[in-house]
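**Student:** below is the sequence, then the predicted model.
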Amino acid sequence: MRARYPALHWQILIGLAVGAAAGLLANAWCPAQPDGTPHAGLTWCVDNLAKPVGQIFLRLIFMVVLPLVFSALVLGVAGLGDVRRLGRVGLRTLVFTLILSACSVGIGVTLANVVRPGSHLSAARRAALRERYASQAAEQVAQARLAKPLRETLLDIIPKNPFQEMVGALDGSSPGGGMLAVMFFALLFGIALTLAPPERTQPLIRVLEGVYDTVMVIVGLAMRLAPLGVAALVFSLAAVLGSEILKTLGWYVLTVFGGLLLHFFGVYSLVVGLFARLNPLRFFGRISEAILTAFATSSSNATLPTSLRVTEQNLGVRREIASFVLTVGSTANQNGTALYEGVTVLFLAQVFGIDLTLTQQITVALLAILAGVGTAGVPGGSLPLLVMVLQTVGIPAEGIGIILGVDRLLDMCRTTLNVTGDIAIAACVDRTERR
Ligand code: ASP
C-alpha cells in the first residue's frame, strides 16, 4: 500500500518551519563575530550545502519560466478570441493593478510618516551598516547608472530581437526591455494568431498547448522537491541573518511588515470579497500553495506555474484569463514591491535628515508604482529601481547599503503580496467578465 503524504502546501509549510527553526538554532549555536561577520563554519555549511540544494529547486523552475510565459500568454490571448475581448480584459487588469498599487503605496507612505522608522537609527549604527554593505551597495548603484532615459525604456518594450530579450530576461542582461519585451512579443503573436486563417494556425496552437502541458509536468516534478528546497532556502537566510541587524533595523522592518500585513488582509480581502465575490479566508486558503512558494522563492516568476495551477484549479478562474492576467502580472503588478519601495525611500530620507515635501512624497509614490511595473519578478529585482527612485528625489543612493542586510527577508514578504495581488486580480477580472 502507498504511504499517504500530506498535501503539498502542508509539506511546504513544514519545510518552511523546519528550515527556519534549524536556521535560528544554528545561528544561536554558531553566533556571528562582534563586528557582525557570520561564523565561518556556518557560512561554509550554508554556501556548500543549503544554498546549492535551494538552487537546484529554484533552477528547475526558472528553467521553464520562459517557455511557460510565452506559451501561456500566447494561448491566453488567442483563447480570449478577439481583440475587443482582449482589450476589455486588459483594461480591467490595468485598472485593478493601478488601484491595488495605489492603495499599497498609500499605506506604505502613510505608515512611514506616522512611525518615522528612520528617526530611530543612530548615526553610529547607520555608519556601521553602510560600511558593512558598501561593496554590494556600490554594485547596485553602478547598475542603476546604466539606466536609460524614459523614452528609450518605453521604446525598449518593443523588442528588436525577442530571442535576445529572452536570453537575458531572468538576470537583467537583456539589451532591451527584458521580460516586458518578451511579453509584448507574445501578446502580439497571440493577437496575430487570432487574425490569421485558423486552418493554418491550428497546428501551432496545438504545439503551444503541448509546450504548456509539458512545462507544467516539469514544474510538477520540481515542486516535489519544494519542501526540501524551501527548507534549504529559509535555512540559508535564518542561519546567517543576525538578530542584531533585525534589532538595529527593527522599526524599519516592522513598518514594512505592518504595511504588507494591512494590504494583505485588509485590501485584498476587501477587493476579492467585493469584486470576485469570494470569502477572503477561503480565497487565501485555496491559494496557500502559491503564497508559500512565493514566500520561499522570493520570485514572482518562479511562482508563476504554481499560481496558474491554483488559480485555475482551486479558484475556477478560466484558463485564458488566468494565463493572461497572471503572466503579465508576474512582472507588471507588484503591490508588495511598490509598498516596500515607498517605505524604504522615506526611511532613508529620514535617516539622512532630508525632509521630503508633500510633492516629493507624491513623486515617490508615483515612481514606486511605476517601479513596480518595471521590476523583474526575481529575487532582489526591485533594487536597481529603488536606487533610481532614491536618486530622483536626491537621497544618497549608497544609503541602500543600510537596508541590504534585511532585504532578502523583506523580499520574501513583498513577493508574497506581489503574487497574491496577481491572483486576486485574476479572480476579480474573471468574475466581472462573467456578468
Ligand atoms: N522578488 C520580487 C518578485 O519577484 C521583486 C522584488 O521586489 O525584488 O516579485
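**Tutor:** All right, it came through fine.

**Student:** from here on, contacts and neighbour counts on C-alpha atoms
**Tutor:** Noted.

**Student:** buried ones in the longest helix anywhere in the chain?
**Tutor:** Secondary structure of the chain read by DSSP state H shows that its longest helix is helix 83-115. Buried positions in helix 83-115, judged by neighbour count with 16 or more other Cα atoms under 10 Å: 83, 86, 89-90, 92-94, 96-98, 100-112.

**Student:** contacts only, for the residue in the stretch 301-435 of the chain positioned nearest to the ligand.
**Tutor:** Going by Cα to the nearest ligand atom, the ligand is nearest to residue 377 of the stretch 301-435 of the chain, at 3.2 Å. With contacts defined as Cα atoms under 8 Å, 6 or more residues apart in numbering, residue 377 is in contact with 299-302, 330-331.

**Student:** if you set the cut-off to 10 Å instead, what comes out?
**Tutor:** Residue 377 sits next to 169-170, 179, 298-304, 329-334, 337, 415, 418-419 when contact means Cα atoms under 10 Å, 6 or more residues apart in numbering.

**Student:** before we move on, back to that, give me the next element, helix or strand, following the longest helix of the chain.
**Tutor:** helix 123-132 (DSSP states H and E).

**Student:** quick one: mean pLDDT over that next one.
**Tutor:** If you average the pLDDT over helix 123-132, you get 73.

**Student:** just the CA trace of that helix, in CSV.
**Tutor:** Provided in CSV are the C-alpha atoms of helix 123-132 (Å, rounded to 0.1, in the frame of the first residue of the first chain):
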residue,chain,number,x,y,z
ALA,A,123,24.4,57.9,13.3
ALA,A,124,26.9,55.3,14.6
ARG,A,125,24.8,52.3,13.6
ARG,A,126,24.0,53.9,10.3
ALA,A,127,27.7,54.3,9.5
ALA,A,128,28.5,50.7,10.6
LEU,A,129,25.8,49.3,8.3
ARG,A,130,26.9,51.4,5.3
GLU,A,131,30.4,50.2,5.8
ARG,A,132,29.5,46.5,6.0
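
**Student:** quick one: the longest helix of the chain near the ligand?
**Tutor:** No - between helix 83-115 and the ligand, judged by Cα under 6 Å from any ligand atom, nothing touches; the nearest distance is 13.0 Å.

**Student:** give me the residue from the stretch 1-150 of the chain nearest the ligand.
**Tutor:** Closest point on the stretch 1-150 of the chain to the ligand, by Cα to the nearest ligand atom, is residue 62, at 11.8 Å.

**Student:** what's the burial count for the closest residue to the ligand within the stretch 201-350 of the chain?
**Tutor:** Residue of the stretch 201-350 of the chain nearest the ligand, by Cα to the nearest ligand atom: residue 299 (3.3 Å). Residues contacting residue 299 under the criterion other Cα atoms under 10 Å number 28.

**Student:** how about the nearest residue to it, chain neighbours excluded?
**Tutor:** Using Cα to Cα, 6 or more residues apart in numbering and skipping the chain neighbours, the partner closest in space to residue 299 is residue 378 (4.5 Å).

**Student:** how many residues are close by the one you found?
**Tutor:** 23.

**Student:** can you pull the contacts of it?
**Tutor:** Contacts of residue 378 (Cα under 10 Å, 6+ apart): 62, 169-172, 297-303, 330-331, 411, 415.

**Student:** also residue 92?
**Tutor:** 86, 98, 325, 425-426, 428-430, 432-433.

**Student:** close to the ligand: what parts of the protein are there?
**Tutor:** 298-300, 337, 377-382, 411, 415, 418.

**Student:** among these, which pair sits farthest apart?
**Tutor:** 380 and 418 (13.1 Å; Cα to Cα).

**Student:** shared neighbours, those two?
**Tutor:** By Cα under 10 Å, 6+ apart, the residues touching both residue 380 and residue 418 are 298-299, 337.

**Student:** which of those residues fall in helices?
**Tutor:** Using DSSP H, the shared contacts of residue 380 and residue 418 in helices are residue 337.

**Student:** what would the shared contacts of residue 380 and residue 418 look like in a markdown table with pLDDT and distance to residue 234?
**Tutor:** Listed next are the shared contacts of residue 380 and residue 418 as a markdown table, based on pLDDT from 0 to 100; distance: Cα to Cα, whole Å:
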| residue | pLDDT | distance to residue 234 |
| --- | --- | --- |
| 298 | 92 | 11 |
| 299 | 94 | 14 |
| 337 | 95 | 20 |
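
**Student:** circling back to that earlier point, name the nearest residue to the residue of the stretch 1-150 of the chain closest to the ligand, sequence neighbours excluded.
**Tutor:** residue 302 (5.7 Å).

**Student:** measure the one you found to residue 379 for me?
**Tutor:** For residue 302, the distance to residue 379 (Cα to Cα, to the nearest Å) stands at 10 Å.

**Student:** cool, residue 156 as well?
**Tutor:** The value you get for residue 156 to residue 379, if Cα to Cα is used, is 23 Å.

**Student:** ok, back up a step: how far away is the residue of the stretch 301-435 of the chain closest to the ligand from residue 428?
**Tutor:** On the measure of Cα to Cα, residue 377 and residue 428 end up 22 Å apart.

**Student:** and the closest residue to residue 419 other than its chain neighbours, how many residues sit next to it?
**Tutor:** Counting by Cα to Cα, 6+ apart, residue 419 lies nearest to residue 300, which is 5.9 Å off, once chain neighbours are set aside. Using other Cα under 10 Å, residue 300 has 33 neighbouring residues.

**Student:** right, and residue 300 touches residue 334 too?
**Tutor:** Yes - contact status for residue 300 versus residue 334: in contact at 8.8 Å, counting by Cα atoms under 10 Å.

**Student:** before we move on, back to that, between residue 380 and residue 418, who's got more neighbours?
**Tutor:** residue 418 (29 against 19).

**Student:** for the helix or strand hosting that one, give the mean pLDDT please.
**Tutor:** Here residue 418 sits within helix 407-434, counting by DSSP H and E. Mean pLDDT, computed over helix 407-434, is 94.

**Student:** could you pull out the buried residues of it?
**Tutor:** 407-431.

**Student:** with stretch 299-315 instead?
**Tutor:** Neighbour count says stretch 299-315 has 299-312, 315 buried, by 16+ other Cα under 10 Å.

**Student:** do stretch 30-40 as well
**Tutor:** In stretch 30-40, counting by 16+ other Cα under 10 Å, buried: 30-32, 36, 38-39.

**Student:** can you tell me which two in the residues you listed are farthest apart?
**Tutor:** The widest separation within the buried residues of stretch 30-40 (Cα to Cα) is 12.2 Å, between 30 and 36.

**Student:** identify the contacts common to those two.
**Tutor:** residue 240.
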